[in-house]
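Give me a 3D structure for the following:
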Amino acid sequence: MAKINTTGERKAFERKIYQLVDDSYEGTITKVSDPITTKPFAEGEKSQTKVIIECTIPQGDRESAVLQLWTTLVVSKGGTTKSGETYSNSKLYDILDKANLIGELEKFVEVEGDDDGNLADEKLVSFMRSFLINRTGKIDVETRKRLDGERYSIARSIKRFTDIVENVKA
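Here you go, the predicted structure:
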């Protein structure tokens, strides 16, 4: 859907800000966004396609905190290059691995992927929504400070999933 702005005014991205103590909390994945293409920060950099995973963390008698986990839409297992340099897993690979979904993703790519074993961004997001929404786990929370000094918390990573999911093979 095209966004129309005939006034030239920029609207700030509004969402409720939560501040939690840096720790791991039990939480539930409640939403996976559509793919978002970011602009390069510096000349020579490429734009990246990212996705936001929203995690809801209960706060006892207070309102539940809804935190965002931003990740690049790349599933890549770490390894070693021909020159001997090592590289780590992508954040999304780690999330899917902890959710015990790498085997399911491989099957999905066989059916929905192209000849090179790649998936369209929308299909990968569809897979994530099918298998991650309503899953519970330990969410690593980190507090950051905005340029204006206001502090806010984000979901930094998912340490492990605590729910048991049937019919998913490693």
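
Ramachandran coordinates for Cys131?
Heads up, residue 131 is Phe, not Cys. phi -110, psi -20 (degrees, to the nearest 10).

Would you mind measuring from the closest residue in space to it that isn't next to it in sequence to Asp148?
Counting by Cβ to Cβ, 6 or more residues apart in numbering, Phe131 lies nearest to Leu101, which is 5.4 Å off, once chain neighbours are set aside. Quick note: C-beta positions are derived from backbone N, CA and C, even for glycine. Taking Cβ to Cβ, to the nearest Å as the measure, Leu101 falls 38 Å from Asp148.

Look at these two and report which has more neighbours.
Shown here are Leu101 and Asp148; by other Cβ atoms under 10 Å, Leu101 has more neighbours (24 against 5).

Name the residues of stretch 55-66 that come out as buried.
Cys55, Thr56, Ile57, Ala65, Val66 (16 or more other Cβ atoms under 10 Å).

Give me the pLDDT for Phe41.
With respect to pLDDT, Phe41 scores 77.

what's around it, how many residues?
Other residues within reach of Phe41, judged by other Cβ under 10 Å, total 8.

Please state the backbone phi and psi of it?
For Phe41, the backbone dihedrals (degrees, to the nearest 10) come out as phi -80, psi -40.

same deal with Glu110?
phi -60, psi -40.

Quick check, pLDDT for it.
91.

Then Gly8?
Gly8 is given a pLDDT of 58.

for the one 4 residues further on, same thing?
Each residue has a pLDDT score; the one for Ala12 is 50.

Over to Gly78?
pLDDT at Gly78 comes out at 88.

Neighbours of it, how many?
Considering only other Cβ under 10 Å, Gly78 is surrounded by 11 other residues.

quick thing: my sequence starts at 8, can you match it?
New numbering, starting at 8: the last item is Gly85.

so what's it up against?
For Gly85, the contacting residues are Thr93, Tyr94, Ser95, Asn96, Tyr100, by Cβ atoms under 8 Å, 6 or more residues apart in numbering.

one step back: return the distance of the residue nearest to Phe138 relative to Val39.
Distance from Leu108 to Val39, by Cβ to Cβ: 13 Å.

can you give me the strands for the chain?
30-39, 43-45, 55-66, 69-79, 86-87, 93-94, 143-152, 158-168 (DSSP state E).

Point out the one among those that comes closest to Phe115.
Of all the strands of the chain, strand 30-39 sits nearest to Phe115, with 14.9 Å by Cβ to Cβ.

what's the average pLDDT for the closest one?
Rounded mean pLDDT across strand 30-39 is 95.

Alright, that wraps it up for me.
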